[in-house]
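Chemist: the following block contains a protein sequence and its predicted model.
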Amino acid sequence: MMNPSDTPRIVVVGSANMDLISRVPRLPRLGETLHGHSFHLVYGGKGANQAVMAARLGAHVTMVCRVGKDVFGEGMVHNFQSNGIQTAYVTVDDHHSSGVAPIFVDDNADNVIVIIAGANGALTPADVEAARQTITAANAVVCQLEVPLAATLAAFRIAKDCGVMTILNPAPAADLSPELLRLTDIFAPNEIESEMLSGMSVTSLEEAEAAAHCLLAKGMRAVVMTLGERGALYVDRDQVFHAPACKVKAVDPTGAGDAFIGALAVYLSEGVPLNTALSRANAAAALSVMRIGAQASFPTRDEVGAFLGAQSNPLA
C-alpha cells in the first residue's frame, strides 16, 4: 500500500482519438438527413480519456499509444503534455492516420459512436516493451480493447511479472484470451459488455452479481461493473459491494465510463478503502456527464471532493 503522501504512478496503454461530436434533437433514422444543434471537436479515445482523468486527480501518468503524422496527432501530443501526461512512449505513425470517433448525442443524452482506429490499430508489443521500465515502476497499468490485443497482453505480462495492478476495461467487448484474463486484477465492464461477455442478462443488481460471478470464473481477480444510474458493483470471490450512483442531470454521457476507470485506478493505487474508491469514481463519472465532451468534462480532485461533500450535506 502507498503512503498517503505518495503520488500514484499510472501507465495507460490504449487509444487516442479525435472525437467529432454532433448534438442532435434525436438520433437519425437510416437514410435520414437531420439538422443538428452544434458541433464540437474534442480529444478522446478510451485510453487517452482514462489517462487524462487520472492526471486530473494528480497522478503521475504515462501514455503508451500511437497517433498519426497529421494535425490531429500533433494536437493529441500537445493535449497530453498540457494535461501533464508523459509522452515519451507516444509514437507518431508515418503510415496511418490518427484515430477518429464521430459521435452523435441527442436531447436525452443518448449517443451513438463510430470508431475508426487508424494509428491505434498499429500499436505493437514492441511499443509496449519500450516502456517496460516505466510499467514496472507503476502502481497500476490500465488497458482497454481499442488497440491490438497483443499490445494489451504484452503490457499485462510486464506488469504482473513485477506485481503491478492491472485494470482491463473490455470495451468494445471482444473475445479475450484465457491468459489475458488471468493477468487481470480488476475487470471493469459496463452493463452491455457484461451481458456480451457473460451471456447473461444484467437488468437488476441480482442479475449483475450473477453475471459478475460468471465472469470471475474466467480467471480475473475481481469485477467492477458500471451500471449507469445504478452505480457500480464490485464482486470478487469473497465479497460483493454496491456503490450507488450520484444523482445528477446528464447533459452528455460521452466518456463517463472512462472517467470512472481513470479515477478508480488512482484511488485504488492510493490504497484507499474499496467503498471509498468506488464512491469517488462514481462522483468523477457523475460530474463528467454534466458537461459536453469527454476530457473537457473531467473534474479535478478538488471538484470531486467538493461534490461529495455537497452530496453528504445537501444544504452545503
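Modeler: Nice, I can see it. This is a predicted model, so every value here is computed, not measured.
Chemist: give me the distance between Ala109 and Glu229.
Modeler: 11 Å (CB to CB, to the nearest Å). For every residue, glycine as well, the C-beta is placed using N, CA and C.
Chemist: tell me which of these two has more neighbours.
Modeler: Set Ala109 next to Glu229 and count neighbours by other CB atoms under 10 Å: Ala109 wins out with 14 against 10.
Chemist: which residues in the stretch 151-300 of the chain form strands?
Modeler: Assigned by DSSP state E, counting those that start in this stretch, the strands in the stretch 151-300 of the chain fall at 165-168, 186-187, 222-226, 232-236, 240-243.
Chemist: format the ones you listed as JSON lines; extra columns: mean pLDDT, distance to Val304 and mean neighbour count.
Modeler: Formatted as JSON lines, those follow (pLDDT from 0 to 100; distance: least, CB to CB, whole Å; neighbours: other CB atoms under 10 Å):
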{"stretch": "strand 165-168", "mean pLDDT": "98", "distance to Val304": "19", "mean neighbour count": "24"}
{"stretch": "strand 186-187", "mean pLDDT": "98", "distance to Val304": "19", "mean neighbour count": "25"}
{"stretch": "strand 222-226", "mean pLDDT": "97", "distance to Val304": "17", "mean neighbour count": "25"}
{"stretch": "strand 232-236", "mean pLDDT": "96", "distance to Val304": "15", "mean neighbour count": "22"}
{"stretch": "strand 240-243", "mean pLDDT": "94", "distance to Val304": "14", "mean neighbour count": "17"}
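Chemist: can I get these in a markdown table including distance to Glu270?
Modeler: Converted to a markdown table, those look like this (distance: least, CB to CB, whole Å):
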| stretch | distance to Glu270 |
| --- | --- |
| strand 165-168 | 12 |
| strand 186-187 | 14 |
| strand 222-226 | 16 |
| strand 232-236 | 17 |
| strand 240-243 | 17 |
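Chemist: nearest to Ser38, of these?
Modeler: strand 222-226 (27.4 Å; CB to CB).
Chemist: packing partners for that closest one?
Modeler: In terms of contacts (3 or more CB pairs under 8 Å, 6 or more residues apart in numbering; DSSP states H and E), strand 222-226 is packed against strand 186-187, helix 191-198, helix 205-216, strand 232-236, helix 256-269.
Chemist: and the contacts of stretch 212-224?
Modeler: For stretch 212-224, contacts defined as CB atoms under 8 Å, 6 or more residues apart in numbering pick out 168, 176, 178, 181-182, 184-189, 194, 197-200, 225, 232-237, 240, 264, 278.
Chemist: kindly recompute the last result at 7 Å.
Modeler: Contacts to stretch 212-224, defined as CB atoms under 7 Å, 6 or more residues apart in numbering, come from residues 178, 181-182, 184-188, 197-198, 200, 225, 232-237, 264.
Chemist: now do it: distance from first to last residue.
Modeler: 8 Å (CA to CA, to the nearest Å).
Chemist: same check, this time on stretch 243-260
Modeler: 12 Å.
Chemist: how about stretch 213-226?
Modeler: 15 Å.
Chemist: what about that stretch, distance to the chain center?
Modeler: 17 Å (CA atoms, centre = their mean, to the nearest Å).
Chemist: how about Ser22: what's its closest non-neighbour residue?
Modeler: Leaving aside its sequence neighbours, Ser22 sits nearest to Gly36 (CB to CB, 6 or more residues apart in numbering; 4.7 Å).
Chemist: do Val304 as well
Modeler: Nearest to Val304 is Ala283, by CB to CB, 6+ apart, at 5.0 Å.
Chemist: next, count neighbours for the one you found.
Modeler: Count around Ala283 with other CB under 10 Å applied: 25.
Chemist: any idea how far Gln311 is from it?
Modeler: The value you get for Ala283 to Gln311, if CB to CB is used, is 7 Å.
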